[in-house]
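Peer 1: Dropping a prediction and its sequence here:
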Amino acid sequence: MTEASAAALVDWFRANCRELSMRTPHPRDPYPVLVSEVMAQQTQIDRVVPAFDRFMELFPDAGSLAAAPEDEVLQAWSGLGYYRRARLLHTAVRAVVAAGEWPRTRAELARLPGLGPYTSAAVAAFCFGGDDPPVDGNVERVTARVLGLDLSLASGPLRRAADAFARDLWRAHPGPEVFEAVMELGATVCTPSAPRCPECPLAPGCQALRRGTPGLFPRPRPQRATEDRRWVCLWLPRDDGRVLLRRVADGTLLAGLWLPPLADAGVARNEDAARRLAVEAGVAGPLVAAPPVRHSITHRRITVVPFVASTATPMAHERAANWSWEDPAAPAVATSSLLAKLRRACADVSTLPRP
DNA sequence: AACCCGGGGAC
DNA sequence: GTCCCAGGGTT
């Protein structure tokens, strides 16, 4: 990597970087940087921005986040996915507040829960002058293409090569700006498919472009087999429009979130599995199937079949801690985007015979 | 090193 | 339909 390349990259970045609400002058405040970097883990920036703005309004500083109960934090995270990130961020910020100061080096930051190699390097570089490069998927992809490395994303060799590549950039142009510039390049120009090479400041030295096949780098990862699952769910609306939600058990998908009673149907018939849920919820009477809902969680394709019931029967579990009546359009608890899908699917099944 | 976890946008 | 994303934790 020549100094000319680093200079061209930074010039391109200054002319083309997107206006993002978490981009503020250096040195930056570590709290919003940490929040946005954790949100950005495996999540595209365009989806992070609105969530970040909401989150910062609810929890404007480390003290307010540390003081908040976990369920409020998860509620603010609803729909973002990877909910463990929210719990770990909460724990990390509580540790910082308890310590009374922020760790300033990458190694110290990496001891906080939820901060791995990428996030610890990012906070150190953007807030405290660190020179260890934050290596994310963008940096790995740009590196694989510029150097023509036939390696898989997230593999050890490509991570090390990307780390060395970013260190060279930093040496040619010291400061955190080059790190942001590579990531922005990967996000907007050196994209996974259909890269816009004519716009790329690194095109003159790019090996993948020289070979005419930039899209073949990095090597595609072996795909995990997708697995189909069938769930049933009990949609139980009350007269005021609220529906019954249950806290999803730990150790399962969507653990800790609030959703209508759900069960994997396994080999059972949908109706039988739904009836079991109705018994658990303390309701009898007719169950009306609503249109199935598709929901994907990593390599699983889940078909959720909602069954709509009525609330005529007294609720045995009404006062239990794991049950709650919530407005499905604006739940006051942590939930998944699956709730919104179920609400739409069940909206048409509103006229139910009363037992 | 391999696998686990949400969700949606891009294609 | 497919892939992948400003990843980290666990095994």
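Peer 2: On my side now, so go ahead.

Peer 1: Where does the prediction get shaky in chain A?
Peer 2: Segments of chain A classed as low confidence (criterion: pLDDT under 70) are A:1, A:24, A:26, A:312-319, A:350-355.

Peer 1: Spell out which parts of the stretch 201-350 of chain A neighbour DNA strand C.
Peer 2: Among all residues of the stretch 201-350 of chain A, those adjacent to DNA strand C (criterion: C-beta under 7 Å from any atom of the strand) are A:220-221, A:223, A:226, A:301. (C-beta placed from N, C-alpha, C; glycine too.)

Peer 1: let me redo that: the stretch 1-150 of chain A
Peer 2: Taking C-beta under 7 Å from any atom of the strand as the measure of proximity, the stretch 1-150 of chain A contacts DNA strand C at A:20, A:23, A:36-37, A:40-45, A:82, A:85, A:88, A:113-120, A:122, A:136-138, A:141.

Peer 1: Among those, name the ones in helices.
Peer 2: Assignment to helices by DSSP state H places the following of these there: A:36-37, A:45, A:85, A:88, A:117-120, A:122, A:137-138, A:141.

Peer 1: ok, which pair from those residues is furthest apart?
Peer 2: For these, the maximum inter-member distance is 25.9 Å, found between A:88 and A:141 (C-beta to C-beta).

Peer 1: Settle it for me: which of these two has more neighbours?
Peer 2: In terms of neighbours (other C-beta atoms under 10 Å), residue A:141 is the more surrounded of residue A:88 and residue A:141; the figures are 25 against 16.

Peer 1: how close does residue A:269 sit to DNA strand C?
Peer 2: Look at residue A:269 and DNA strand C: by C-beta to the nearest atom of the strand, to the nearest Å, they are 22 Å apart.

Peer 1: how many other residues sit next to that residue?
Peer 2: The number of residues packed around residue A:269, counting by other C-beta under 10 Å, is 10.

Peer 1: One more: residue A:19?
Peer 2: Other residues near residue A:19 number 6, with proximity taken as other C-beta under 10 Å.

Peer 1: Residue A:207 now?
Peer 2: So residue A:207, with other C-beta under 10 Å, has 14 neighbours.

Peer 1: That one and residue A:147 touch, don't they?
Peer 2: Yes. Here residue A:207 reaches residue A:147: they are 5.8 Å apart, a contact under C-beta atoms under 8 Å.

Peer 1: Pairing partners for residue A:293 in the sheet, please.
Peer 2: The partner list for residue A:293 in beta bridges (DSSP bridges) reads residue A:304.

Peer 1: distance of it from residue A:277?
Peer 2: Look at residue A:293 and residue A:277: by C-beta to C-beta, to the nearest Å, they are 15 Å apart.

Peer 1: Likewise for residue A:238?
Peer 2: Here the criterion is C-beta to C-beta. By it, residue A:238 lies 17 Å from residue A:277.

Peer 1: Counting neighbours, go ahead and name the busier of those two.
Peer 2: A direct count of neighbours by other C-beta under 10 Å for residue A:238 and residue A:277 places residue A:277 higher, at 21 against 13.

Peer 1: Settle this for me: the more buried one is touching residue A:263, isn't it.
Peer 2: Yes. Using C-beta under 8 Å, residue A:277 makes contact with residue A:263 at a distance of 5.6 Å.

Peer 1: Which residues are in contact with each of those two?
Peer 2: A:232-233 (C-beta atoms under 8 Å, 6 or more residues apart in numbering).

Peer 1: For the residue in the stretch 1-150 of chain A that DNA strand B sits nearest to, grab phi and psi.
Peer 2: Closest approach between the stretch 1-150 of chain A and DNA strand B, counting by C-beta to the nearest atom of the strand: residue A:81, at 2.5 Å. In terms of degrees, to the nearest 10, the main-chain angles of residue A:81 are phi 80, psi 170.

Peer 1: wouldn't it be in contact with residue A:41 here?
Peer 2: No. Counting by C-beta under 8 Å, residue A:81 sits too far from residue A:41 to count as a contact (9.9 Å).

Peer 1: quick one: contacts for the closest residue to residue A:140 other than its chain neighbours?
Peer 2: Counting by C-beta to C-beta, 6 or more residues apart in numbering, residue A:162 is the residue found nearest to residue A:140 once chain neighbours are left out, at 4.5 Å. If you count contacts by C-beta under 8 Å, 6+ apart, residue A:162 has them with A:133, A:135, A:139-140, A:142-144.

Peer 1: Including distance to residue A:249, could those go into CSV?
Peer 2: CSV is the format used below for the contacts of residue A:162 (distance: C-beta to C-beta, whole Å):
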residue, distance to residue A:249
A:133, 40
A:135, 36
A:139, 38
A:140, 36
A:142, 42
A:143, 42
A:144, 41
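
Peer 1: Thank you, goodbye.
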